[in-house]
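[1] Got a predicted structure here, sequence first:
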Amino acid sequence: MIVKGRVHRFGDDIDTDAIISSRNKAKFLEIADLARHAFEDIDPGFPGRFSPGDIIVAGRNFGCGSSREAAPRVLQALGAGAVVAESFARIFFRNAINIGLPALPCDTRRFADGDTLEIDLSAGRATDLTNGATADAEPLPPVMLNIVADGGLAAHLRRHGRYVLERQDG
């Protein structure tokens with residue numbers, strides 16, 4: 001599974017309240033409304049610069065903080081093609097995969113804001129097509145690739161009636 005998009009770069013320890021402020025979670029019920037306020041406390045105007053398919057790139061501990069699913073759902077509602085970070089908070093990572101948002105932990109130090117990044121989730125490789133930098137990572141396990149390809153855990157279970165470890169089309 002290949003994802004390609006423009007990089008939006010963030011640093012370390014981006015918590016779920018930085019992704020979507022708790023004050024906005026109380027104001028808006030629709031995830032699309034919340035998405036218009038993504039990262040507004042640390043990068044005002046961010047949603048206006050973000051295009052469907054773009055990729056969030058961050059440092060260590062991305063998605064720390066609360067375990068609410070709203071943070072990865074907001075990124076998905078923005079149209080994020082993937083999230084790539086040096087490391088993820090465990091619950092954020094699982095929530096992202098469970099809703100069908102690709103997430104790959106790898107060394108992101110050589111990926112710059114505005115560059116074009118290509119991610120091969122099956123191979124566990126991220127390649128910056130702008131500067132040629134690559135980062136190898138542990139490939140996502142087949143069950144996670146299947147969940148993402150099916151559009152999330154609920155869709156995966158509806159389609160197959162169970163976890164499918166190897167891709168089975170049809």
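    Alright, I've got the coordinates.

[2] Residue 113 and residue 30, how far apart?
    Using Cβ to Cβ, to the nearest Å, we find residue 113 at a distance of 29 Å from residue 30. For every residue, glycine as well, the C-beta is placed using N, CA and C.

[3] Residue 110 contacts residue 135, doesn't it?
    Yes - Residue 110 lies in contact with residue 135 (Cβ atoms under 8 Å); the separation is 7.1 Å.

[4] List the residue ranges of this structure that fall below the pLDDT cut-off.
    Across the chain, residues meeting the criterion (pLDDT under 70) sit at 165-170.

[5] Need the residue closest to the centroid of it.
    residue 83 (2.9 Å; Cα atoms, centre = their mean).

[6] Next up, phi/psi of that one, please.
    The phi/psi pair for residue 83 (degrees, to the nearest 10) reads phi -130, psi 130.

[7] tell me the contacts of it?
    55-58, 62-63, 72, 75, 96, 101-104 (Cβ atoms under 8 Å, 6 or more residues apart in numbering).

[8] That one and residue 91: what is the separation?
    Distance from residue 83 to residue 91, counting by Cβ to Cβ: 14 Å.

[9] which residues do those two both contact?
    Joint contacts of residue 83 and residue 91 (Cβ under 8 Å, 6+ apart) are residue 63.

[10] which one's the longest strand in the protein?
    Ranked by number of residues, the top strand in the chain under DSSP state E is strand 2-9.

[11] Neighbouring strands - and their directions - for that one?
    In the sheet, strand 2-9 lines up against strand 55-58 (parallel), strand 116-120 (antiparallel) (DSSP bridges).

[12] got the CA positions of the very next helix or strand once past the first one in PDB?
    Sequence-wise, the next helix or strand downstream of strand 55-58 (DSSP states H and E) is helix 70-78. Coordinates of each C-alpha in helix 70-78 appear next as PDB, following Å, rounded to 0.1, in the frame of the first residue of the first chain:
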ATOM      1  CA  ALA A  70     -11.400  12.500  17.900                       C
ATOM      2  CA  ALA A  71      -7.800  13.400  17.200                       C
ATOM      3  CA  PRO A  72      -7.100  10.800  14.500                       C
ATOM      4  CA  ARG A  73     -10.700  11.200  13.200                       C
ATOM      5  CA  VAL A  74     -10.000  15.000  12.700                       C
ATOM      6  CA  LEU A  75      -6.900  14.200  10.700                       C
ATOM      7  CA  GLN A  76      -8.900  11.700   8.600                       C
ATOM      8  CA  ALA A  77     -11.700  14.200   8.100                       C
ATOM      9  CA  LEU A  78      -9.100  16.700   6.800                       C
END
